[in-house]
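Asks: sequence first, then the predicted structure, then my questions.
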Amino acid sequence: IEFDQVSVTGSPQFEPHFDPGLQNSRCEFFREHNLDPQKKYICFSGDDVTTSPDDPQYLNDVAEAIQELNTNGHKLGIIFRRSPVDFSGRYDKVLRQYQNLIVPITPKWEKTGEM
């Protein structure tokens, strides 16, 4: 996949909240999250423990694959985005093991309305 073939999309349920004024450039995003501009990152979005109980293993598998690719000259990293309803420590072991590869970024969620 070529770089110009990638576009960012969102889930339809979030479309009413889309605000172009909140967009950052790649440079700003990398600076804000202390990311290496020489790397290409994939985003791993975790889900909650009920919906996707094996996510920590999936993250571990992705990290192993990326680490192997990097030993062959690639410059890749992983951005980890936790589900906003997952307050568990179930990813902690993988995040510690691959702390030089995985960058956790907390989503900017704001509660609106009543539940």
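Replies: Yes, it's here. Residues are numbered from 1 along each chain as shown.
Asks: ok now the longest helix seen in the chain, how far from the chain's centre?
Replies: The residue-count maximum for a helix in the chain (DSSP state H) belongs to helix 55-71. Relative to the mean C-alpha coordinate of its chain, helix 55-71 is positioned 13 Å out (CA atoms, centre = their mean, to the nearest Å).
Asks: show me where pLDDT drops low in this protein?
Replies: Counting by pLDDT under 70, the chain shows low-confidence ranges at 7-18, 110-113, 115.
Asks: could I get the full set of helices for it?
Replies: Going by DSSP H, the chain shows helices at 26-32, 55-71, 92-97.
Asks: make CSV out of those helices and add distance to P104 and mean neighbour count.
Replies: C-betas here are computed from N, CA, C, even on glycine. Shown next, in CSV, are the helices of the chain (distance: least, CB to CB, whole Å; neighbours: other CB atoms under 10 Å):
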stretch, distance to P104, mean neighbour count
helix 26-32, 14, 11
helix 55-71, 10, 15
helix 92-97, 6, 14
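Asks: and the ones you listed: which comes nearest I79?
Replies: I79 lies closest to helix 26-32 among these, at 9.6 Å (CB to CB).
Asks: just the CA trace of the closest one, in PDB.
Replies: The C-alpha trace of helix 26-32 is given here as PDB (Å, rounded to 0.1, in the frame of the first residue of the first chain):
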ATOM      1  CA  ARG A  26       1.500  14.500  11.200                       C
ATOM      2  CA  CYS A  27       4.400  16.700  12.500                       C
ATOM      3  CA  GLU A  28       2.300  18.000  15.300                       C
ATOM      4  CA  PHE A  29       0.900  14.600  16.200                       C
ATOM      5  CA  PHE A  30       4.400  13.100  16.300                       C
ATOM      6  CA  ARG A  31       5.800  15.900  18.400                       C
ATOM      7  CA  GLU A  32       2.800  15.800  20.800                       C
END
